[in-house]
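Q: Sequence and predicted structure, then a few things I'm wondering about:
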Amino acid sequence: MFQLTREVRFAVNDEAEDPGERPTNGFGGFPTLRGMGRYLELRVTLRGALDSQSGYLCNIRQIDSVVRQRAIPLVRRELQGGRATGEAMVALWAGELAGAWPQATLSRLSLRLSPYYSVDAVLSELPMIQVSQMFEFSAAHRLHNPALSPEENLRLYGKCNNPHGHGHNYEVKVTLRGEPDENGRLIDLSHFERLVRQSVIDKFDHKHLNVEVNEFLNLIPTVENIAKVVYQLLRPAFAGQGARLSSVTVWETPKTWCEYSE
């Protein structure tokens, strides 16, 4: 099974758009951002088999056309009307985009409200939605297994076995899932951020993980273990919040990251 994702970029502006205007900068998005409007990205994921003639799962021009004709006007109405994004995502899935691509199945919608915050709707979870937010912390660690000899540790971990440790600027994506409340909201964003800061960021930031964080005194702080520990710290923090913890993804570098879920 193939999955194809297309990102459509657009702006919601205060002023009315000219319906006859043609896109002139696909990279920057259309409608074009004007004044103090809001720039958004809608990622559409389709799944299915490839067309034997074209080799396409779906022509991306079809995706763009449907999103611009059906989805963007709805998102604009919802946001300008003060409606919550969770409601908009469910409305998009159930109404505007239902059956829009008969040759493929709509698998996921992701409305990116900032580079760090998105609201997702996933086929297997409707009417539940997902909300993701990015966080960061800086920390030092050393990859070392005391059960191994110095030579074995050096061979296994290389420079990461430096006795004095080394540091990373970690990025963390926390994803919650659940059904929007009567206001179309899964969780208050400021409350979301406060829980993550209190449970994880304040505990890890500018610390030597092996030495100053209890969870790693007897656990090697690989990116895999960090993702698991962050998840385990956050799970009770979100208990009873109306939104359940879905997954945690930790980036050690732009090229290395791990997602953990249960």
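A: Structure's in. What do you need? Everything quoted here is computed from the prediction, not taken from an experiment. Numbering: from 1, shown residues only.

Q: care to break this structure down by domain?
A: Per the record, the chain has its domains at 2-127, 130-260, by automatic domain parsing.

Q: now the last one, how far from the centre of its chain.
A: Looking back up the chat, that one is domain 130-260. Centre-to-centre, domain 130-260 and its host chain are 15 Å apart (C-alpha atoms, centre = their mean, to the nearest Å).

Q: I'd like the distance between Met1 and Leu57.
A: 10 Å (C-beta to C-beta, to the nearest Å). The way it works is simple: take the backbone N, C-alpha and C, and place the C-beta from them, glycine included.

Q: Quick check: neighbours shared by the two?
A: By the contact definition C-beta atoms under 8 Å, 6 or more residues apart in numbering, Met1 and Leu57 are jointly contacted by 47-49.

Q: Reformat the domains of the chain as JSON lines; add mean pLDDT and mean neighbour count.
A: Formatted as JSON lines, these follow (pLDDT from 0 to 100; neighbours: other C-beta atoms under 10 Å):
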{"stretch": "domain 2-127", "mean pLDDT": "84", "mean neighbour count": "16"}
{"stretch": "domain 130-260", "mean pLDDT": "93", "mean neighbour count": "16"}
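
Q: did I read that right, Gln232 in a strand?
A: No. Counting by DSSP: H, G, I helix; E, B strand; the rest coil, Gln232 is located in no strand; its state is helix.

Q: and it, what does it touch?
A: Counted by C-beta under 8 Å, 6+ apart, Gln232 has contacts Glu215.

Q: The stretch 101-250 of the chain: helices as residue ranges?
A: 150-157, 189-196, 202-204, 209-212, 223-237 (DSSP state H, counting those that start in this stretch).

Q: backbone phi and psi for Asp6, please?
A: You called it Asp, but residue 6 is Arg. phi -120, psi 130 (degrees, to the nearest 10).

Q: Quick check: it vs Pro127, distance?
A: 24 Å.

Q: If the residue most central in space within the chain is in a bridge, with which residues?
A: The structure's the chain has its C-alpha centroid closest to Ser132; by C-alpha atoms, centre = their mean the separation is 4.6 Å. On the basis of DSSP bridges, Ser132 is bridged to Ser118, Thr175.

Q: Show me where the stretch 51-200 of the chain has its strands.
A: Secondary structure of the stretch 51-200 of the chain (DSSP state E, counting those that start in this stretch): strands at 105-114, 117-122, 129-141, 166-178.
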